[in-house]
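Trainee: Sequence plus the predicted model coming up.
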Amino acid sequence: MAKPKVGFYWCASCGGCEEAVVDLAEAVLDVVQVVDIAFWPCATDFKRSDVEAMADGEMAACFVNGAIRSSEQQEMADLCRRKSQLLVAFGSCSHTGGVPGMANMYTRQAILEAVYTDGEFSTVNAEKAFPSAHVSRPEGQLELPTLDESVKALDQVVVVDYYLPGCPPPVKLIVEAVTAIVEGKLPPRGSVLAPDVAQCRDCPRIDSKPEEAFIKQFVRPHQIHIDPEKCFLAQGLLCLGPATRSGCDHACIKGNMPCTGCLGPLSRATDYGAAAMSAIASLVGSNDARQIGAIMDQIADPAGTFYRYSLPASQLFRRLEPAANGGQQR
Amino acid sequence: MSETSHSAAELGASTEGFQPRIVAFFCNWCTYTASDLAGVSRLQYAPNARIIRVMCSGRLDPQFVLVALRQGADGVLIGGCHPGDCHYQEGNYKCLRRYELLRRLLGQMGIEPQRVRLEWISASEGDRVREAINEMTEQLRRLGPLRLASIPTPHRHEVLSPVKRAGRPVLAKAE
Amino acid sequence: MIRQHPQVRIGVYVCHCGTNIAGTVDVMELTAFAATLPNVALAREYRYMCSDPGQELLKRDIREHHLERIVVAACSPNLHEKTFRKAAEDAGLNPFLVQMANIREHVAWVTADRELALAKAKAQVAAAVRRVVGHEPLERKFVSITPRVMVVGGGIAGIQAALTLGDSGKEVILVEREPTIGGHMAMFDKTFPTLDCAACILTPKMTAVKDHPKIRLLSLSEVAEVSGSVGNYHVKVRRKARYISEERCVGCMKCIEECVFRSPKFPNAFDQGLGLRKPVYMPFPQAVPPVPVIDAETCLWLKSGKCKQTCVTACGERNAIDFQQQDWYEEFDVGAIIVATGFRAFDPTPMRFYGYGQFPQVYSALEVERLLNAAGPTQGKVVLRDGSVPKRVGIVHCIGSRDHNYHPYCSRVCCMYSLKLAHLIKEKTGAEVTNFYIDIRAPGKAFEEFFERVQQEGVRFIRGKVGDVRPGPPDENGQPQGLVVQVDDTLRGRVTKVPVDMLVLAVALEPAEGADAVRRMFNMSCSTEGFFLEKHPKLAPVNTVNDGVFLAGACQGPKDIPDTVAQADAAAAQALALIDCARIPLEPNTAWVEAELCSGCKTCIPLCPYSAISRDPEKGVAVIDESLCKGCGTCVAACPSGAAQQHLFTDAQIYDEIEGILSYV
């Protein structure tokens, strides 16, 4: 019997998800033993035409990482969708928009100007080139992909069958997912392939979390010597573990860094950031409006903190009345 | 009627123009009762607030606010007992803590602060219900509709619709 | 984004409430709209849904049309939710599958524009229809009741309530913060309009309290802490040191006679400071308990440790005097609480132009009550501070009442007590008495007759506000004679000056000192002026929003003695009805935690004001003790996992409501 074909593709991503596949290490051999990699442009020389040549649904599964921001990514997402029986959103960016999703705090125009014309970044652009769909060069006309106004999660452009969350997805979850696909032991379509219980379950530090409204201040990791055993929230560090799925074996927490929420919301949350905010704000130890306000002011960037990986998948999706100053409070 | 309040005719009678929609979460013991009192006292006020009763303002989850805005509310009004007067001792303070963080986030997201408002209104303050709703309606009318960017059509399998699953006792309960 | 629900059969009932709703909201149109909503099997309108035929209609439909959910669009659920739940239950439907849409208080009564009223009503109905789909059948839980009542405040209201309850065989704990019960009524000489002697009708009741086998009287005591809820309150009472043992004292008063202070030297608060007392004293002779009290502020021994302790010697073998006594706490379990903490007389000092506190001839009404009282500082003689008998007396009404600078409300009793004082002063002194009034309010039984009688007795009435009070013209020694009252006589249309020797200010009744702390302790609401708020002004006048806590007397608002006594008996009856049930049903809106979804993050634990949440150490998840949960839902809102949920207010139900309220209109 022919081995099932699988594909990997990347959209707006950092490449970390590809690294995660590589991180499978020896396990990747087990994977290759049971599946045929039919498409993986990052690692091997596949062309778009190779995929287009496939029959619809020819791939058993395609793992797409990265958020969707350009017309090309949209086309590839459509293509991967058409050619695979199962489309898996791989990693935070395709799951909930991820770090690139924070670009939804800005307009497309503001971002392009910052990069190409304002000189805020180090890009050398003597010709004052500016992205455009049609470019004329002596060699001929070029049709280039366009950048969308907003960053989207994968399921905001195509139907997604499963989600492998994480930035990047933990190796253990990848192996479990592939095994489940190969063995046909998948949960209902639409499921997130990670435990539907928050980080605090089995967190090695949970016993040191106080059972009172204890938060008197918020600090950032560089401001204190972090106690390697004590609950981060008890140290004033914003740990989003209470609102975030488990499945990473507390990788950050064990590395003495608070959870930033990459594995995304529990299935009952309608908005990851708001759910996390409710849990954390409730534990602020003051009943005085001014004092509460002063404590909240210590959170430098609430949107970037609570929607670090999920702004496109949030209820608000993007900043309203996009302004050039981006996320700055007015 | 105080000078700052507006007659219902001024606020509501015009059929043209923008009618903001406010979702009002009122706690059962103070603000909901106060709006009952406003009714009994026949205080006329803007019909723009639609009231959802919760037992305590402490039940107010910031997710409700965002979902209401997403689903078409131009503003959200939260009403609870005055500080120190919560029927459940301190639920209003917990609401306040969430509100203080939420409004900072909303500011960052470009949502005007007038759109999400927390008011302490006791059971005897029917007139405060009128004032708060009239005032907020007027402010929202000036701001215009909340035009959230529409989320691209969700391509979700039914099982994942989180709204649907939230709070449905999916598992057998003990006992 | 409208979510599909499994098909359920909903019946929607739109109530006209006569013209209360139908006068503003187009009920036909609303009903037609309701019929178009998903899952609605049947929509009807009816003139009065709460009437018997209305309820019968609902019951019949449930049976005949197999309705599985009910929405009643009518008045506030605070008014009739129970009615319709009961009707559904009678027809075999779980009562918690009923939802009300408030289109009367929240729509019809507050909206002038018919079209906008209809739109708002549609939204509220759509929300209810959408939400009720996700309702679940729930069971009521019951708690047993401690058959004991605490009465807080030992004025006439508290005394009456305690006696009624005690006579019915229930245990009563009566808590009074002063050294004696009796309250304000004990200060009065006569009561209006019958002019019966206050002491003659009150002291037998006070004695009855003292001797009642079912009543435990805690004088000099204050409630310090209240926990628990209806049926099972736990109250901590602070017992203040009296320095005389109530058990050993026989009330012989020898200690008072033999005190090193040979004569009374300190102002007696009970006499409004007009009379004097010793450091050891009885507030008044008929005090109950009939035990003297030692005032630590003025007692030489307690103050300085230097005294011959002649009182101890006088007490002798009875050994009742106990200087070692300190405040202590006692705790009680009670099923119901009656709050009867009374009122405070308004202090007119801030109203400078009446001269209270500046001119010795100006008295507050309560001071005059003491002067008139045979057991008072002047043995019932109406004399001025210089000992002279006034020949001309003015009584100014509405001091601090009906005055937007002080209290906008009418204190209800001042007109009548002013008439009483006018009568008594005239009777005792033959003085010419003038009432300065705005309106005479005499609407009670035999009140108008009393007003006429006082007029016939020759008491003068000038309708108008007093604008100024100044010293009278000087006599031959250059001393000012009496006072001159300047009044805007509105009937004659001119400013008149009236010379008086004595001026009585008919002061307002305001919330008692510490009322706000009492209110918070018992979890009650108050009106803007600070009087405790009844649950419903007409249908639940002695109940409060806190079940099991009832109101009696002037703490709820100014009232006279007959009304107070009637209300005290009503409160006693309500308390009795409650504690006689043996058990009461609880609202099922408690919270629970789905253990499998809970990460044990402990967010909810500190949020519960009732310590109902704990962490199961083995499973590492939160557990809610439903018997302690009061159903606020604060833990539910904070749970980032959606593991904590609240019956009747699940996340899904609230999301449904949000969706319904915005999806159609």
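Mentor: Great, that's in hand. Residues are numbered from 1 along each chain as shown, chains lettered A, B, ... in the order given.
Trainee: ok now do the spatially most central residue of chain A, which residues does it touch?
Mentor: With distances taken as CA atoms, centre = their mean, A:Ser92 lies nearest the centre of chain A, 2.1 Å away. Applying CB atoms under 8 Å, 6 or more residues apart in numbering or on different chains to A:Ser92 gives the contacts A:98-99, A:165-167, A:262-264, A:309-310. Any C-beta I mention is one placed from the backbone N, CA and C, and that applies to glycine too.
Trainee: go again using 7 Å as the cut-off
Mentor: Residues near A:Ser92 by CB atoms under 7 Å, 6 or more residues apart in numbering or on different chains: A:98, A:165-167, A:262, A:264, A:309.
Trainee: Give me the pLDDT for the closest residue to A:Ala20 other than its chain neighbours.
Mentor: Distances taken as CB to CB, 6 or more residues apart in numbering or on different chains put A:Pro168 closest to A:Ala20, at 3.6 Å, once the chain neighbours are dropped. On the pLDDT scale, A:Pro168 is placed at 95.
Trainee: same deal with C:Gly478?
Mentor: For C:Gly478, pLDDT reads 85.
Trainee: what about the helices in chain B?
Mentor: Assigned by DSSP state H, the helices in chain B fall at B:8, B:31-40, B:62-70, B:91-108, B:126-143, B:162-165.
Trainee: Quick check: pLDDT value at C:Pro147.
Mentor: For C:Pro147, pLDDT reads 96.
Trainee: residues in contact with it?
Mentor: C:170, C:335, C:579.
Trainee: Out of these, list just those in helices.
Mentor: Per DSSP H, the subset of the contacts of C:Pro147 in helices is C:Ile579.
Trainee: out of the contacts of C:Pro147, who's nearest chain A?
Mentor: C:Gly335 (31.3 Å; CB to the nearest CB).
Trainee: Can you pull the phi and psi angles for that closest one?
Mentor: phi -90, psi -30 (degrees, to the nearest 10).
Trainee: Checking the residue in chain A that chain B sits nearest to next. Helix, strand or coil?
Mentor: Nearest residue of chain A to chain B, counting by CB to the nearest CB: A:Gly190, 2.7 Å away. Following DSSP: H, G, I helix; E, B strand; the rest coil, we place A:Gly190 in the coil state.
Trainee: go on, the one 4 residues further on?
Mentor: Under three-state DSSP, A:Ala194 falls in the coil class.
Trainee: just to revisit the earlier point, for my notes, confirm the residue nearest to A:Ala20 occurs in a strand.
Mentor: No - under the criterion used here (three-state DSSP), A:Pro168 is coil, not part of a strand.
Trainee: thought it was touching A:Gly91?
Mentor: Yes - using CB atoms under 7 Å, A:Pro168 is in contact with A:Gly91, at 5.2 Å.
Trainee: got any residues that touch both of those two?
Mentor: Joint contacts of A:Pro168 and A:Gly91 (CB under 7 Å, 6+ apart) are A:Cys17.
Trainee: Could you give me the buried positions within the lowest-mean-pLDDT helix or strand in chain A?
Mentor: Across the helices and strands of chain A, mean pLDDT, DSSP states H and E gives its lowest value to helix A:26-34, namely a mean of 78. Within helix A:26-34, the residues that count as buried by 16 or more other CB atoms under 10 Å in any protein chain shown are A:28, A:31.
Trainee: what does that helix contact?
Mentor: With CB under 7 Å, 6+ apart, helix A:26-34 has contacts from A:3, A:21, A:24, A:175, A:178, A:182.
Trainee: so which of those residues would you say is closest to C:Leu174?
Mentor: Of all the contacts of helix A:26-34, C:Leu174 sits closest to A:Val175, with 73.5 Å by CB to CB.
Trainee: which residues does that closest one contact?
Mentor: Taking CB under 7 Å, 6+ apart as the test, what A:Val175 contacts is A:24, A:27.
Trainee: hmm, the helix or strand encompassing A:Ile295 in reach of chain C?
Mentor: Assigned by DSSP states H and E, A:Ile295 belongs to helix A:289-297. No - Helix A:289-297 lies out of reach of chain C by CB under 7 Å from any CB of the partner chain, never closer than 14.6 Å.
Trainee: got the buried residues for that helix?
Mentor: A:292-293, A:295-296.
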